[in-house]
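Colleague: Fold the following for me, if possible:
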Amino acid sequence: MRAFEPSSIRTYPFSGISGPSPCHICKGSKNLCGKDRCPLMIKFYSHARTKRLIDTQDLHGSSPPGVFVGRYGYPKVDIGPLVPPDLGDTTLMDTPERWMGRSIEEIVDFRFRLVRGKHLVDVKNFQSAGRIVDYTRELALAINSVDVEANFSKKPSGRIVLDDNIQPFGPSARLERLHITTPKYDHKVEKAYYDIDLRAAEAVKGLYKDEVLISRIQKAFSVGAFGVERNRRLVPTRWSITAVDDILGKDLLRSTKGFPLINEFRVYDWDQLDNRWSVLLTPTSWRYELIEAWYPNTVWNPLGKQVEIISSHEFFNGRKDYAEIGGCYYAARLAVNELLQRERRQAGAVIFREAHPGYLLPVGVWNVRENVRMALTQSPRRFNTLDQALAHVQTRMDIPTSTWINHSEVLKDMRHQRRLDDYV
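Modeller: Residues are numbered from 1 along each chain as shown. Have a look, this model is predicted:
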């Protein structure tokens with residue numbers, strides 16, 4: 001069992017340096033932050049490889065297809081395509097369902113090649129906002145890479161976007177003109193687009209049941225492709241990702257809650273990108289919790305000297321407020337319900353996540369959804385009691401069981417509340 005003591009937590013191994021960051025002393029060569037690889041250098045080298053290819057006001061490339069709808073300034077937001085300086089099949093660049101097993105460096109490298117074109121538009125009055133919006137919507141409905149010619153007001157520049165909700169992408173520039181070749185549409189998505197009487201939530205659920213990729217549904221949702229015609233709106237990409245996960249998760253839960261219970265405790269394990277995952281399923285009615293532990297020198301705990309733990313939960317009747325932990329909560333909840341739907345069983349679920357220093361950069365909510373999905377494809381360990389299941393989790397995680405329980409409303413409830421089953 002790995003030790004979990006304050007003395008074992010990595011801190012900056014140097015002294016006499018003022019300021020909150022060692023980066024100006026390290027310069028990417030001394031690993032003073034404790035990481036195996038310097039995240040700044042990963043970004044720098046990826047940007048350097050791409051910079052000469054996008055050092056122009058006229059960019060010709062094959063969009064994966066990718067689009068992005070911003071949120072700043074809402075209800076007036078920037079919308080436009082994501083375009084790399086590459087021709088050919090670039091679908092991998094915007095299909096996160098295909099990214100499992102790839103390294104942080106690989107994901108960052110091909111995502112930073114995507115240049116974001118920006119065109120300001122009102123989210124409610126976008127239907128007749130011009131060719132740029134029309135072309136962007138066509139990209140969102142496409143199933144194949146689409147050749148794009150983008151003319152910008154100046155050369156693409158700006159910060160490289162990294163966020164735990166959205167997939168990263170590279171620099172941006174304001175669009176002057178946009179032209180695309182004729183795309184091949186996803187006919188299932190196209191059908192939902194032309195059904196102007198179909199509610200957006202019903203379109204999302206129908207496409208999911210027709211096995212359309214979630215990332216493709218989210219893309220079309222963001223460009224206002226679904227819903228009753230008079231109610232259609234652009235939805236910022238960040239919001240569309242969580243909205244689709246939430247819609248689908250709630251829909252699956254309606255039937256999950258009516259299934260018979262599983263008859264044992266199970267733990268599914270998975271490791272990826274220096275994240276350790278254990279998914280505990282319990283033979284109880286539906287309850288759910290995601291607990292994340294961020295070690296020092298990780299994405300969301302870069303300068304801390306102790307592990308930071310955050311959790312969000314719901315019991316059988318769900319929750320009304322937005323989860324404190326953010327979009328990851330809804331992505332993981334959907335993944336758990338997909339398994340329960342396949343088995344036609346009901347269970348409680350607690351997901352344990354330890355993010356270790358090798359998780360250098362945020363890569364988006366897809367990372368949680370797809371990792372929990374992968375965990376649930378593994379053969380589970382089966383146990384008769386909760387304590388036995390938690391003992392197994394302890395063999396996988398550095399954090400002691402008592403700490404997990406202290407941060408878990410679901411586990412505390414299961415250990416301390418008496419139920420009818422206890423008297424049978």
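
Colleague: so what pLDDT did H416 get?
Modeller: Per-residue pLDDT puts H416 at 80.

Colleague: same check, this time on the one 4 residues further on
Modeller: pLDDT, L420: 45.

Colleague: distance of the nearest residue to L213 once chain neighbours are set aside from R369?
Modeller: What sits nearest to L213 in space, not counting adjacent residues and going by CB to CB, 6 or more residues apart in numbering, is E97, at 5.6 Å. Any C-beta I mention is one placed from the backbone N, CA and C, and that applies to glycine too. Note on E97: its distance to R369, by CB to CB, to the nearest Å, is 9 Å.

Colleague: between those two, which one's more packed in?
Modeller: Between E97 and R369, R369 has the larger neighbour count (other CB atoms under 10 Å), namely 25 against 13.

Colleague: Verify the stated contact: the more buried one with Y329.
Modeller: No - using CB atoms under 8 Å, R369 makes no contact with Y329, being 10.8 Å away.

Colleague: quick one, longest helix in this structure?
Modeller: Scanning the chain for the helix with the most residues, using DSSP state H, yields helix 237-256.

Colleague: who's in contact with the next helix or strand after that helix?
Modeller: Proceeding N to C from helix 237-256, the next assigned helix or strand is strand 265-272, under DSSP states H and E. The contact list for strand 265-272 (CB atoms under 8 Å, 6 or more residues apart in numbering) reads 100-101, 276-283, 347, 371-372, 374-376, 378, 380-386, 388-389, 392-393, 396.

Colleague: end to end, how far does stretch 396-416 reach?
Modeller: 25 Å (CA to CA, to the nearest Å).

Colleague: residue ranges of the helices in the chain, please?
Modeller: 23-26, 39-51, 104-111, 131-141, 187-194, 200-209, 214-222, 237-256, 327-343, 366-375, 386-396, 401-406, 409-416.

Colleague: Return the set of buried residues in the last one.
Modeller: Neighbour-count burial for helix 409-416, counted by 16 or more other CB atoms under 10 Å, picks out E409, V410, L411, D413, M414.

Colleague: and what of the fourth one?
Modeller: By 16+ other CB under 10 Å, the buried positions in helix 131-141 come out as I132, V133, Y135, T136, R137, E138, L139, A140, L141.

Colleague: Please identify which of those residues is nearest to L234.
Modeller: Distance to L234 across the buried residues of helix 131-141 (CB to CB) is lowest for V133, with 8.5 Å.

Colleague: ok, that closest one - contacts?
Modeller: V133 sits next to I79, H119, V121, F126 when contact means CB under 8 Å, 6+ apart.

Colleague: wait, which of those is closest to Y288?
Modeller: I79 (34.0 Å).

Colleague: Go ahead and confirm that closest one touches V235.
Modeller: No - under the criterion of CB under 8 Å, I79 is not in contact with V235, lying 10.4 Å apart.

Colleague: what's the overlap in contacts for these two?
Modeller: Between them, I79 and V235 share the contacting residues V69, judged by CB under 8 Å, 6+ apart.

Colleague: Of those two, give the one with the bigger neighbour count.
Modeller: Neighbour count, other CB under 10 Å: between I79 and V235, I79 has more, with 29 against 24.

Colleague: Across the sheet, point out what pairs with the more buried one.
Modeller: Per DSSP bridges, the residues bridged to I79 are V69, H119.

Colleague: How about the contacts made by it?
Modeller: I79 neighbours (CB under 8 Å, 6+ apart): 67-70, 118-119, 121, 126, 132-133, 136, 223, 234.

Colleague: Which pLDDT value does the model give it?
Modeller: I79 is given a pLDDT of 97.

Colleague: that older thread, return the member of the buried residues of helix 409-416 nearest to Y193.
Modeller: Within those, the smallest distance to Y193 is 39.9 Å, found for V410 (CB to CB).

Colleague: Could you check how far the closest residue to S285 other than its chain neighbours is from R131?
Modeller: Excluding the flanking residues, the one nearest S285 by CB to CB, 6+ apart is F316, at 5.3 Å. Here the criterion is CB to CB. By it, F316 lies 50 Å from R131.

Colleague: Same question for V279.
Modeller: Taken as CB to CB, the span from V279 to R131 is 47 Å.

Colleague: same question, R381
Modeller: Taking CB to CB, one finds R381 at 56 Å from R131.

Colleague: low-confidence ranges in the stretch 1-150 of the chain?
Modeller: Counting by pLDDT under 70, the stretch 1-150 of the chain contains low-confidence residues at 1-55.

Colleague: go with 90
Modeller: Scanning the stretch 1-150 of the chain for pLDDT under 90 picks out 1-56, 103-113, 127-130.

Colleague: Name the nearest of the buried residues of helix 131-141 relative to S312.
Modeller: Distance ranking of the buried residues of helix 131-141 against S312, using CB to CB, places A140 first at 29.9 Å.

Colleague: Just give the closest residue to the closest one, not the sequence neighbours.
Modeller: That would be V223: by CB to CB, 6+ apart, it lies 4.3 Å from A140.

Colleague: Tell me, domain by domain, which residues of the protein belong where.
Modeller: 39-187, 193-252, 265-416 (automatic domain parsing).

Colleague: Tell me which of the ones you listed lies nearest to G258.
Modeller: Of all these, domain 265-416 comes closest under CB to CB, at 7.5 Å.

Colleague: for the closest one, how far is the first residue from the last?
Modeller: End-to-end distance for domain 265-416: 17 Å, by CA to CA.

Colleague: and if you look at stretch 181-196?
Modeller: 26 Å.

Colleague: buried stuff in it?
Modeller: P183, D186, K188, V189, E190, A192, Y193, D195.
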